[in-house]
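Engineer: mind looking at a prediction? Sequence and model below.
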Amino acid sequence: MKVCKVIVMLVLTVMLCSCAGQMKTTTPKQDEYAGITRIEGASIETVQKESRVTSGYENIVLNPIQMSPQFATDYPKMKGEFQSSLLEYLKDKHVYRNVEDHLKDTKLPKKTIIVDTKVVDMRIVGTHARMWGGFMAGSSHADIYLKLTDAMSQKVLLERVIGTSYNAFASEFAFGSENSLPMEMGHIIGEYIYTVAPVK
């Protein structure tokens, strides 16, 4: 009986250590965004219901997404995956004259929106942690700060914190799917921009 208890304790210890190594998270600095409207549980469908803020912009410039050194260490692929998915999503709309992830020159054309984004909070449960811990490993989530600025006047048109999360129970049976969270956030924020700042 004692041997069985020892074996069970060893198995639980291995599981917890495995989960600890795969579940990376950093405490977010919520105070920075206390006065900014938050959109929780965002998806392509939900952001399509948001109200228009402005219109008439034909060009979009995406500044690189910002993140703390800790997030950059924990999720080294996040920046590239998010940036490319947001860029391609807006280009695929075929409504904007130009969508660029950097300035080609110092002179911005008229009717241009500058997009700034920053990781407020993020947690992606790794495949091994999900396999060992199941739903008890918790949910993966991401909160992204978004700012839209008129390039000519430098007037801030909109600020939001947009967040989404994966259901821990559903993720238990879809190993690896949580790794697509950065790309999904790129699509969600792309749809949000298209909705609140249409060309016409």
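Structural biologist: Noted; the coordinates are in hand. Computed from a prediction, not measured in an experiment: that's the story for all the values here.

Engineer: check contacts around residue 163.
Structural biologist: 38-42, 120-121, 141-144 (C-beta atoms under 8 Å, 6 or more residues apart in numbering). Placement of C-beta: from N, CA and C, glycine included.

Engineer: mean confidence (pLDDT) on stretch 188-200, please.
Structural biologist: Mean pLDDT, computed over stretch 188-200, is 96.

Engineer: residues of it that come out buried?
Structural biologist: Going by neighbour count (16 or more other C-beta atoms under 10 Å), the buried part of stretch 188-200 is 188-198.

Engineer: can I get those in JSON lines including distance to residue 180 and secondary structure?
Structural biologist: JSON lines is the format used below for those (distance: C-beta to C-beta, whole Å; DSSP: H, G, I helix; E, B strand; the rest coil):
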{"residue": "188", "distance to residue 180": "12", "secondary structure": "helix"}
{"residue": "189", "distance to residue 180": "15", "secondary structure": "helix"}
{"residue": "190", "distance to residue 180": "15", "secondary structure": "helix"}
{"residue": "191", "distance to residue 180": "16", "secondary structure": "helix"}
{"residue": "192", "distance to residue 180": "18", "secondary structure": "helix"}
{"residue": "193", "distance to residue 180": "20", "secondary structure": "helix"}
{"residue": "194", "distance to residue 180": "20", "secondary structure": "helix"}
{"residue": "195", "distance to residue 180": "22", "secondary structure": "helix"}
{"residue": "196", "distance to residue 180": "24", "secondary structure": "helix"}
{"residue": "197", "distance to residue 180": "25", "secondary structure": "coil"}
{"residue": "198", "distance to residue 180": "27", "secondary structure": "coil"}
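
Engineer: now distance to residue 98 too, for the residues you listed, in JSON lines please.
Structural biologist: Conversion of the buried residues of stretch 188-200 to JSON lines gives the following (distance: C-beta to C-beta, whole Å):
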{"residue": "188", "distance to residue 98": "22"}
{"residue": "189", "distance to residue 98": "18"}
{"residue": "190", "distance to residue 98": "15"}
{"residue": "191", "distance to residue 98": "19"}
{"residue": "192", "distance to residue 98": "19"}
{"residue": "193", "distance to residue 98": "14"}
{"residue": "194", "distance to residue 98": "15"}
{"residue": "195", "distance to residue 98": "19"}
{"residue": "196", "distance to residue 98": "19"}
{"residue": "197", "distance to residue 98": "14"}
{"residue": "198", "distance to residue 98": "16"}
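
Engineer: re the thing from before, just the buried ones among the contacts of residue 163, please.
Structural biologist: Neighbour-count burial (16+ other C-beta under 10 Å) applied to the contacts of residue 163 gives 39, 42, 120-121, 141-144.

Engineer: save those as CSV, and put in distance to residue 181 and secondary structure too.
Structural biologist: As requested, those are arranged in CSV below (distance: C-beta to C-beta, whole Å; three-state DSSP):
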residue, distance to residue 181, secondary structure
39, 16, strand
42, 12, coil
120, 14, strand
121, 12, strand
141, 8, strand
142, 6, strand
143, 11, strand
144, 11, strand
